[in-house]
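S.K.: I need the structure of the sequence given here:
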Amino acid sequence: MTATRYDRRMYAVMNDRRAAAVYATTGRRRLLVGAHVALTAVGVAAWIGTVFGSGWSPAVVVAVALLPWVLLTGMLNGSTRGLLELRGRMLDERQLVERDRVRALAHRITLWLLVAAAFGAGTYSVLADAPLRAAVAPVLIGVLAAHWMMPLWVASLRVQDELGDVDDEFGDSSAA
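M.R.: Purely as a prediction, here's the structure:
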């Protein structure tokens, strides 16, 4: 099957190496993932505050967090070279296996996150003597967001440094 124009364009975008210095090393990718997790948490919490709270100030937080979140998402997708975004026919066998491993690991992490969320919501309802429904919707929305982003976070953390991308302590990769 031949690649469509969309497939070729997405492949080119996901393999554009102009921003590779931003995510070239494991430490930089960890920093990007940490920032993305934090922005996701802030955005989801603000959205929950907008929907279930009163006032519009959380909506402003969502709007402010959205642009850097989108940029970080693009950098993380670039660091994985589109592992999760490209169609299967655009990936080689090694990438397909890696995508399956990433999805399986993300699924296991999300399973334990769901267990913790269920336990936490139940504990909240007992300790606060509040109805369980008061905690369920916000917790489920938070876990849904984590479930949605977990494969990207796992894939970005599993990417191996490329030879020649790792700089020495002085930032010069040409030193022998």
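
S.K.: And whichever helix in the chain runs longest, what does it pack against?
M.R.: Secondary structure of the chain per DSSP state H: the longest helix is helix 93-127. Using 3 or more Cβ pairs under 8 Å, 6 or more residues apart in numbering; DSSP states H and E as the contact test, the elements touching helix 93-127 are helix 133-158. Using the backbone N, CA and C atoms, a C-beta is placed for each residue, glycine as well.

S.K.: Would you mark the buried spots in the helix it packs on?
M.R.: Residues 135-136, 138-139, 141-143, 145-147, 149-157 are the ones in helix 133-158 that count as buried (16 or more other Cβ atoms under 10 Å).

S.K.: Surely residue 39 and residue 70 touch.
M.R.: No - using Cβ atoms under 8 Å, residue 39 makes no contact with residue 70, being 9.6 Å away.

S.K.: So for these two, which residue has more residues nearby?
M.R.: Comparing residue 39 with residue 70 by other Cβ atoms under 10 Å, the one with more neighbours is residue 39, at 19 against 11.

S.K.: List the buried residues of the longest helix of the chain.
M.R.: Result for helix 93-127 [16+ other Cβ under 10 Å]: buried residues 95, 98-99, 102-103, 105-106, 109-110, 114, 117, 121, 124-125.

S.K.: Name the nearest of those residues relative to residue 28.
M.R.: residue 102 (19.1 Å; Cβ to Cβ).
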